[in-house]
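>>> coordinates for the following, if possible.
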Amino acid sequence: DIRTRSKFQLWSRGPSISLALAVFILLYFDTIKYVCSRTERRYPVNESHRFDKGTESCYFSGTVSDFKRDYSGCKNIYGKLIVDKLSIRNKRVALDKTVFKRVEGCVVVASLRGMEHFSMQQYIVRNRRFCGYKYALLIYGNPDLRSLYINGLRVKAERVFIKANRNIDPNEFFGMYSIMGGNIKDEIDIGTEEECTMEMARYDSRCTTLVGDVEYRPEKALNKNVWSRTSKVLGTILIDHIAETSLQLPRNLFIDAWASPAVKIVNNRDLKQIDALLYIKIDGPKPWFWFENNTGFCNTIDLRKKIETKVKTTINWDDECLQTCQGGKVSEKYLKRLGKFCHVLNGSLIVEGLEEIPDGLEKLNQIETISGQLKVRNNQAIKDMSFLSNLKAVGDGIHNKDGTKYGMEINDVSDFTLKGLQSLRKIRGNVLVITKDDEDVPPLVRERITTGTIDGRVKFVSLSALHATTQETEKTEKVEKDTTESTSTTESPTNSIEAVPITETEEAEEVREYTLGIPVLEENRDYLMSEYTKAHHTHVEIVGLVLAIIAIAFIVVLGLLSRRKKKIRRSKRNTNRNHPQSKTGQTTTATMTKEDVTEQGRTKSLSKKLEVVSQSKEQDPTKSKKSISKTIEAVSGSKEQVQTISRSRSIEIPPPSMEQAEPKSKSKTIEAGSQRKAKKRMKKRLRKQKPGSDKSFLKRNARKKKRRRSV
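This next block holds a predicted model:
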């Protein structure tokens, strides 16, 4: 069917067109999505332009009483509207449309004593650009509230927060319709008796969940008692200018934040230790933490990295609180005397002969520098070096000019693995590491120790490899001894060869040795892994970009090929239309136009009349040639036709006279003009056709047309 073919014509031209169309549609929708996401909605007001008279809009964040006083002509509020005590009239708060019509942002009704009924008829639209809360309507901490009437909600049920209202009755909810038009009062969770504001929790021991933007004030006895039993916060916490030196938030505290940041720590001069942030859990919009105008905090070195990883920001630390301590042999007594903020050991640190892990071993994680030697030998309880995870430099006070002093010596073969030195960057003096197997020293740690050693040599000795080489040496020694005994009978004593045994010390020195000349390793393991990850992501992005370019080029090539095929089909169509030959090579009769039919009819009638004239001449030979030609011209009106027909009929026609020469010249000019027009038409066809077509065919076609005109 023609209609069906035209309907599916686009898909019937091959897979290239279909693929190109599909890619175009995908790119079109992606472009629309990208443009729409980048185009920001324009608002009539903002922080710099607070009132727009044309739209009767205002940018406002404050109480209802302040709004009535300052913005009498505003009907559309963009911001945060707080209902205050001055709005209460006869235990009711009624906000009608005569004051304003619409709020885009949020409305807060909190901690209003004496309010029993709240009604609001304005439209409420949530917009976090003007209000940081994730809720559009917040009603909490109203102990006397009983009924609600909300007529203009344009949000879903999860955008309405109604909790910590002890006397509220869900059956007294009226007009609570969502954006889809359904009643949402059954979907709203009004909370439990355990959810309270800070004011309510001071006098109610049942409260274990705090609601609102809570201010942390532990110096007050009632507040400290509340925080001791609090396990959850619905809102945010503000820590502003507290008198404590150490933050004492409850362990495993959960914060369901309704705004960002969830925890603000600002304007603190005495607060030094904030490691309590490591033990709280937060769910809500990010970022979760905000630090501003605080003096330097002072936590141990091992906790600083953990805290910065938790808060995902850089903190201003105070290094003046850090101390320098004396080195020694690790034991429970030594660890008790070690200061909490000790980060530099003046002397050597010896970890030797530990059969059990002593209490306080984690204190060594705060050590960054050891000025003397580090010795770890013959410990059954120590399985790795994770207790020195923040160690950066060893042997700063060692001068190894003669090459005999050791900066680090590790000789522990009982299930020991050299892990945990991810921060180590510099070692002065020789390094000797003796382990049970080669695998006990990871390649990354081996490289770190090798490249970080200054003024010394590095030796890695594996006892298993040493034992294997010793056995091979004994075998070769035995073979050489047998050969010497067998050859001693035939050779003289002066020519005998005595096998020299290789000692264990010489073999140990040949196991593995790394010389100097390698640059110092400046980054730790985390940095190397991050650089590898960045390089991997960059490689993936480059590969994706190359694949996208190849796909686009492939689509373009397919489009060009399909276009070329169309041109070839069109040129073949034009060639078949112009050539008078069929596919089998036989000549076909060209279709005759109306002019050709009339010309043929005239020629037939003229030939009949010439036959009549010739017969009359035979009957009456007295007629002159001139009279015969005149009769022919009168009948036909064409001298050329007369000449052609007369040639075919062998009739003599006299030459034209001077009077007849003028119309002949006119006919020649007309014929020349028609030929020029024909040539122009052929040139136009040549331009439209494919370049390089057969010009001889066009010439033959022109000759045929000329011949038809002459006939």
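>>> and this protein, what are its domains?
15-42+539-566, 51-191, 196-319, 324-467+514-522, 624-655, 675-690+698-711 (automatic domain parsing).
>>> just put the ones you listed in JSON lines and tack on distance to residue 572.
Backbone N, C-alpha and C define where each C-beta goes, glycine included. Listed next are the domains of the chain as JSON lines, based on distance: least, CB to CB, whole Å:
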{"stretch": "domain 15-42+539-566", "distance to residue 572": "11"}
{"stretch": "domain 51-191", "distance to residue 572": "62"}
{"stretch": "domain 196-319", "distance to residue 572": "66"}
{"stretch": "domain 324-467+514-522", "distance to residue 572": "69"}
{"stretch": "domain 624-655", "distance to residue 572": "37"}
{"stretch": "domain 675-690+698-711", "distance to residue 572": "9"}
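>>> hey, least reliable of the ones you listed by pLDDT?
Among these, domain 624-655 carries the lowest mean pLDDT, at a mean of 50.
>>> picking that back up, adding mean neighbour count as columns, could you present the domains of the chain in TSV?
Converted to TSV, the domains of the chain look like this (neighbours: other CB atoms under 10 Å):
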stretch	mean neighbour count
domain 15-42+539-566	11
domain 51-191	18
domain 196-319	17
domain 324-467+514-522	17
domain 624-655	15
domain 675-690+698-711	13
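>>> would residue 372 count as being in a strand?
No. Applying DSSP: H, G, I helix; E, B strand; the rest coil, one finds residue 372 to be coil, outside a strand.
>>> ok, and the closest non-adjacent residue to it?
Excluding its sequence neighbours, the residue lying closest to residue 372 (CB to CB, 6 or more residues apart in numbering) is residue 348, at 3.4 Å.
>>> partner strands of the helix or strand where residue 343 lies and their direction?
Using DSSP states H and E, residue 343 maps to strand 342-352. Strand pairing for strand 342-352, using DSSP bridges, gives strand 323-329 (parallel), strand 369-370 (parallel), strand 374-377 (parallel).
>>> dump the residue contacts of the closest residue to residue 175 other than its chain neighbours.
Closest residue to residue 175 apart from its sequence neighbours, by CB to CB, 6+ apart: residue 151 at 4.4 Å. With contacts defined as CB atoms under 8 Å, 6 or more residues apart in numbering, residue 151 is in contact with 119, 120, 121, 175, 177.
>>> out of the residues you listed, which sit inside strands?
Judged by DSSP state E, the subset of the contacts of residue 151 located in strands is 119, 120.
>>> which one of the contacts of residue 151 is nearest residue 61?
For these, the residue nearest residue 61 by CB to CB is residue 120; the value is 17.8 Å.
>>> shouldn't the closest one be in contact with residue 139?
No. Using CB atoms under 8 Å, residue 120 and residue 139 do not qualify as a contacting pair, with a distance of 10.1 Å.
>>> which residues are in contact with both of these two?
Joint contacts of residue 120 and residue 139 (CB under 8 Å, 6+ apart) do not exist.
>>> OK, contacts around residue 211?
Applying CB under 8 Å, 6+ apart, we find residue 211 in contact with 140, 141, 163, 164, 191, 195, 196, 197, 233, 234, 235.
>>> among those residues, which lie within strands?
Mapping these onto strands (DSSP E) picks out 140, 163, 195, 196, 233, 234, 235.
>>> quick check, nearest of the residues you listed to residue 277?
The shortest gap between residue 277 and any of those belongs to residue 233, at 13.8 Å (CB to CB).
>>> just grab the bridge partners of that closest one for me.
Beta-bridge partners, per DSSP bridges, of residue 233: residue 210, residue 255.
>>> how near is it to residue 133?
Relative to residue 133, residue 233 is positioned 15 Å away (CB to CB, to the nearest Å).
>>> same check on residue 101?
Taking CB to CB, one finds residue 101 at 21 Å from residue 133.
>>> ditto for residue 562
Going from residue 562 to residue 133 by CB to CB gives 57 Å.
>>> equivalent analysis for residue 325, please.
50 Å.
>>> next one: residue 21
For residue 21 relative to residue 133 (CB to CB), the value is 46 Å.
>>> do residue 163 as well
For residue 163, the distance to residue 133 - CB to CB - is 14 Å.
>>> could you list the residues in contact with stretch 109-122?
So stretch 109-122 is contacted by 82-85, 88, 91-97, 100-103, 107, 137-152, 197, 199, 212 (CB under 8 Å, 6+ apart).
>>> can you verify my assumption that the residue nearest to residue 372 contacts residue 376?
No. Between residue 348 and residue 376 there is no contact under CB under 8 Å: 11.5 Å.
>>> run through the helices of the stretch 251-400 of the chain in chain order.
Secondary structure of the stretch 251-400 of the chain by DSSP state H, counting those that start in this stretch: the helices cover 301-311, 332-337.
>>> among the ones you listed, which is nearest residue 272?
Closest to residue 272 of these is helix 301-311 (CB to CB; 11.9 Å).
>>> fine by me, we can end here.
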